[in-house]
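Student: have a look at this fold, sequence not included:
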């Protein structure tokens, strides 16, 4: 086990996205996952029905507990939820014991179902405060459009919006995810950095089982970084992991079903006698 990842995100009761998908991903890739819960959501493959924010002092206490004992190699941030929580997180992330830890920011603003998970105040704080602090961000096209303040309907528009956001970042990178772009046979994922870009094309899979893909990609990326992989290698492994997890989806739920994060893990043999 290598690579300590602190996940700051919301809980998904259905297990397909949020903290649950993050923990599964980090574990499947051989890392060690820790969590700071920002919100409890009631959701399933069809949508989000309730959100309960966690008190700010409890969120900060969770972060402090992980930093002060086990230690953290990379911080992955998902659902923030409110402006108050966002401000509190920035206090924790600027503290001396966390200020140098790389952050993978998945700006969770829109769920796969289309439900909004962050208001305009959260968008403003992410844009002005989180982007300069993050090492890399992983927005989907809808989130990219909200952060950049411009429509993202084509590959060129996605690239332009990414370059626009990079002006607010310092020696950082952006993963541009083209899964929501229409009329494309391939899904194009781009790692956009100050040194250029890395483009990965994967065939578009004819499936509705994509719940939690954004959380999974960001956590896979964070795990690779925590394990010492180069950013490009971490990106390539993360994209491959998500693609295979979709291919092996279990088919659960009536809506956007979850991925299979354990596709590469052998089932532990059952000993009917209970012997070692």
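Tutor: Received the coordinates, thanks. Since the model is a prediction, treat every value here as computed from it, not as a measurement. Numbers count the residues shown, from 1 in each chain.

Student: contacts, neighbours, all on C-alpha from now
Tutor: Fine.

Student: distance from the chain centre to the lengthiest helix in the chain, please.
Tutor: Longest helix in the chain, counting residues (DSSP state H): helix 231-247. Centroid displacement of helix 231-247 relative to its chain, using C-alpha atoms, centre = their mean, to the nearest Å, is 13 Å.

Student: now swap in stretch 181-189 and tell me
Tutor: 20 Å.

Student: use 55 as the first number for this chain going forward.
Tutor: With the count now opening at 55, the last piece we talked about shows up as stretch 235-243.

Student: what comes up buried for that stretch?
Tutor: 235, 241, 242, 243 (16 or more other C-alpha atoms under 10 Å).

Student: about what we covered before: which residues does the longest helix of the chain contact?
Tutor: If you take C-alpha atoms under 8 Å, 6 or more residues apart in numbering as the criterion, helix 285-301 is touched by 243, 245, 252, 254, 256, 259, 263-264, 267, 270-272, 274-279, 313-317.

Student: count of neighbours near residue 277?
Tutor: The local packing of residue 277 (other C-alpha atoms under 10 Å) involves 34 other residues.

Student: what helices and strands are in contact with the helix or strand that it is a member of?
Tutor: In the assignment (DSSP states H and E), residue 277 maps to helix 267-280. Helix 267-280 is packed against strand 58-66, helix 72-82, strand 128-131, strand 157-159, helix 285-301, with contacts defined by 3 or more C-alpha pairs under 8 Å, 6 or more residues apart in numbering; DSSP states H and E.

Student: contacts for it?
Tutor: Residues outside helix 267-280 that contact it (C-alpha under 8 Å, 6+ apart) are 56-59, 71-72, 75-76, 79-80, 83, 85, 127-130, 132, 158-160, 192-194, 284-285, 287-289, 291-293, 295-296, 313.

Student: any of those residues buried? List them.
Tutor: Here, 16+ other C-alpha under 10 Å leaves 56-59, 71-72, 75-76, 79-80, 83, 85, 127-130, 132, 158-160, 192-194, 285, 288-289, 291-293, 295-296, 313 buried among the contacts of helix 267-280.

Student: as TSV, the helices and strands packed on helix 267-280 with mean pLDDT would be great.
Tutor: Below are those laid out as TSV (pLDDT from 0 to 100):
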stretch	mean pLDDT
strand 58-66	97
helix 72-82	97
strand 128-131	98
strand 157-159	97
helix 285-301	96
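
Student: so for residue 91, which of these sits nearest?
Tutor: strand 58-66 (5.5 Å; C-alpha to C-alpha).

Student: low-scoring stretches of the stretch 155-304 of the chain, by residue?
Tutor: The stretch 155-304 of the chain contains residues with pLDDT under 70 at 164-173, 236-237.

Student: roughly how far apart are residue 202 and residue 180?
Tutor: 11 Å (C-alpha to C-alpha, to the nearest Å).

Student: thinking residue 114 is in contact with residue 144, fair?
Tutor: No - using C-alpha atoms under 8 Å, residue 114 is not in contact with residue 144; the gap is 10.2 Å.
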